[in-house]
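>>> with the sequence up front, the predicted model follows.
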Amino acid sequence: MTKRWTVSVLTLFPEMFPGPLGASLAGRALERGVWSLETVDLRDFGIGAHRSVDDTPAGGGPGMVMRADVVAAALDHAARGHGDVPAIYLTPRGTPLTQRRVRRLAEGPGAIVLCGRFEGLDERVLEARALEQISIGDFVLSGGEVAALALMDAAVRLLPGVVGAEGSLDEESFETGLLEHPHYTRPRDWEGRAIPPVLTSGDHNKIVQWRRARARADTRRRRPDLWAAYEARKGRKPDR
Ligand code: SAH
């Protein structure tokens, strides 16, 4: 049996987990032991009678900052239960998450995932514990928990046996460097809109060509950034 993919989530809100990952494909995989999820309550490492985890920002300004000593104690505790796994801090200041990073994460033994709150963390703990900093997009969430759920969802569905038709994963958006083609299903006519005739023609080659053309056209129009990277890579072997 392969070793199960194991995540420890460090959070002030352990009750948010597994949350949506307890349902559907990820939830069934969790029950079957394909992966496992542990939460570490940052509050347990808080300081003093109030178990305080945050303090005012050095240099002034609004909000609160999570303390380096508190977070480090929680990280060190979590690391003791793990082999060599990446320790990830979710932050809008991080490297944007990609399908490629998700795939590498799913191929590894698991992760330690740290969720920030307030204004974020004292920078020194990020340096001292060499945390990998990842952003799930150019917007600001109220905490790292929803970002952690997104990261874990993306990784768990790549674990062997989680998604039924595994072939379907290869052609998905980003796996080829392009967005995926659009989908249709019955009824053939709906509110005066027909399914593109090629898709019901039974001509497999034409269908493949149509899908490829749509993937390219849609990527070019919607995601000029992806399209430019795809064009630049042409002629080179994809490096995943
Ligand atoms: N002051 C910070 C934002 C703090 S938001 C800044 O301007 O960069 C509070 C917490 O939510 C962060 O510590 C982080 O863990 C999480 N978070 C917010 N937006 C995120 C994003 N786009 N990706 C990943 N985590 C995010």
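Yes, it's here.

>>> residue numbers of this protein in contact with the ligand?
90-93, 115-117, 119-120, 135-137, 139-141, 143-144, 147 (C-beta under 6 Å from any ligand atom). To be clear about C-beta, it is placed using only N, CA and C from the backbone, and glycine gets the same treatment.

>>> ok, of the residues you listed, which come out buried?
Buried by 16 or more other C-beta atoms under 10 Å: 90-92, 115-117, 120, 135-136, 141, 143-144, 147, out of the residues of the chain next to the ligand.

>>> which ones are touching Ala111?
Counting by C-beta atoms under 8 Å, 6 or more residues apart in numbering, Ala111 touches Val7, Ser8, Val85, Pro86, Ala87, Ile88, Leu105, Ala155.

>>> what count of nearby residues applies to the closest residue to the fifth one other than its chain neighbours?
Read it as Ala87. Setting aside the residues directly before and after it, Ala87 is nearest to Ile112 in space (C-beta to C-beta, 6 or more residues apart in numbering), at 4.4 Å. Residues lying near Ile112 (other C-beta atoms under 10 Å) number 25.

>>> now do Leu178, the pLDDT please.
Looking at Leu178, its pLDDT is 97.

>>> how about Lys206?
In this model, Lys206 carries a pLDDT of 98.

>>> equivalent analysis for the one 10 residues further on, please.
pLDDT recorded at Arg216 is 98.

>>> who are the contact partners of the closest residue to it other than its chain neighbours?
Computed as C-beta to C-beta, 6+ apart, the closest residue to Arg216 that is not its neighbour in sequence is Leu178, at 6.3 Å. The contact partners of Leu178, by C-beta under 8 Å, 6+ apart, come to Ala215, Arg216, Thr219, Leu226, Trp227, Tyr230.

>>> the residue nearest to Ala87 contacts Leu37, correct?
No. Here Ile112 lies out of contact with Leu37, judged by C-beta atoms under 8 Å, at a distance of 11.8 Å.

>>> so what sits against both of these two?
Shared contacts of Ile112 and Leu37, defined by C-beta under 8 Å, 6+ apart, are found at Val7.

>>> residue boundaries of the strands in this structure?
Counting by DSSP state E, the segments of the chain that form strands are 5-11, 35-41, 54-55, 65-66, 87-96, 110-115, 132-135, 189-190, 193-194.
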